[in-house]
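Undergrad: next one to model:
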Amino acid sequence: MDSHAQTDREETLRRYMNQIGVDLPEYTAIDNALTHASYLSEMDAPTLRDYESLEFLGDAVLGLVVAHYLFENLPERAPGDYTKLRARVINRKAVARVARKIAVAPLIRLGKGEESLGGRTREALLADVLEAVIGAVYNSAGWQTAQSFVLELFSEELAKCHTEQPAWDYKSMLQNHCQAKHAGLPQFVVTNSSGPDHRKHFEVEVRISDRVRGRGTGHSKKEAEQNAAYQALKEERVLE
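TA: So this is what the prediction gives:
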């Protein structure tokens, strides 16, 4: 890429980031966050990297910002409740929905093959790229800027945690998944219970086709089963 084209790219990225509320000291990391590996395989761009490392970083930043928000704003919830609420805010569908809302897709560098396969509209790619952008903001401007950025982007998703009852039921979701795979219904087994009657603690494992696919704990069998189902859905890659 010649210097003129790179300058135009940096200006485009600067305007875009300003529009969504972030002023950065430099835009190299953002450019990398918006670059797919397929682009690098087709173009001579030795100074660019793809988004994968920044995605790893951004995923951690996103999870921590949301966890901290829930802890501060919804006190006294059970750990299982926090886990479910966080998953509701940062699951792949929700992250991709936010990516579409801020129109990140047109700025992604894609190779011709990935472009022809519709990569720019794929939910997984959009979610990955947004996480990479979050990682780039953290890498370039630090925690406070990244925290404010995430809270603004996900404000609608976070607001729902206060006002709406959870729409998910991980146990039912897992049962539906198993039926679709013709794997038979999952079996939930209480492996341990302890504590006084007013403060019981249950441990449950869930088995699919006689294989343990998830374990969960809770202060009721229902809560432990839901947590075990959640872990099984992650193991089955239904939830990311």
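
Undergrad: please parse this structure into its domains.
TA: 3-163, 170-235 (automatic domain parsing).

Undergrad: can I get the ones you listed in a markdown table including mean pLDDT and mean neighbour count?
TA: For every residue, glycine as well, the C-beta is placed using N, CA and C. Putting the domains of the chain into a markdown table (pLDDT from 0 to 100; neighbours: other C-beta atoms under 10 Å) gives the following:
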| stretch | mean pLDDT | mean neighbour count |
| --- | --- | --- |
| domain 3-163 | 90 | 17 |
| domain 170-235 | 89 | 17 |
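
Undergrad: which helices and strands does the helix or strand containing Gln144 pack with?
TA: When secondary structure is defined by DSSP states H and E, Gln144 falls within helix 143-153. Helix 143-153 is packed against helix 52-73, helix 123-141, with contacts defined by 3 or more C-beta pairs under 8 Å, 6 or more residues apart in numbering; DSSP states H and E.

Undergrad: any idea which helix or strand comes after it?
TA: Next in sequence after helix 143-153, counting helices and strands by DSSP H and E, comes helix 155-163.

Undergrad: okay, the angle between that following helix and helix 52-73?
TA: Angle between the axes of helix 155-163 and helix 52-73 is 30 degrees (criterion: axes from the mean of the first three to the mean of the last three C-alpha atoms, to 10 degrees).

Undergrad: if we look at the helix or strand just after helix 155-163, which residues are touching it?
TA: Counting by DSSP H and E, the element after helix 155-163 in chain order, helix or strand, is helix 170-180. Helix 170-180 is touched from outside by 84, 184-186, 188, 206, 208, 225-227, 229-230, 232-233, 236, 238, with contacts defined as C-beta atoms under 8 Å, 6 or more residues apart in numbering.

Undergrad: return the helix holding Gln144 as CSV; C-alpha atoms alone will do.
TA: Backbone C-alpha positions of helix 143-153 (Å, rounded to 0.1, in the frame of the first residue of the first chain) are rendered in CSV as follows:
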residue,chain,number,x,y,z
TRP,A,143,-8.4,0.8,30.5
GLN,A,144,-10.6,3.9,31.3
THR,A,145,-11.1,4.7,27.6
ALA,A,146,-11.8,1.1,26.7
GLN,A,147,-14.2,0.8,29.7
SER,A,148,-16.2,3.9,28.6
PHE,A,149,-16.2,2.7,25.0
VAL,A,150,-17.7,-0.7,25.9
LEU,A,151,-20.3,0.7,28.3
GLU,A,152,-21.5,3.1,25.6
LEU,A,153,-21.5,0.4,22.9
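
Undergrad: which residues does it contact?
TA: Outside of helix 143-153, the residues that reach it under the criterion C-beta under 8 Å, 6+ apart are 20-22, 61-62, 65-66, 68-69, 98, 102, 130, 134, 137-138, 158.
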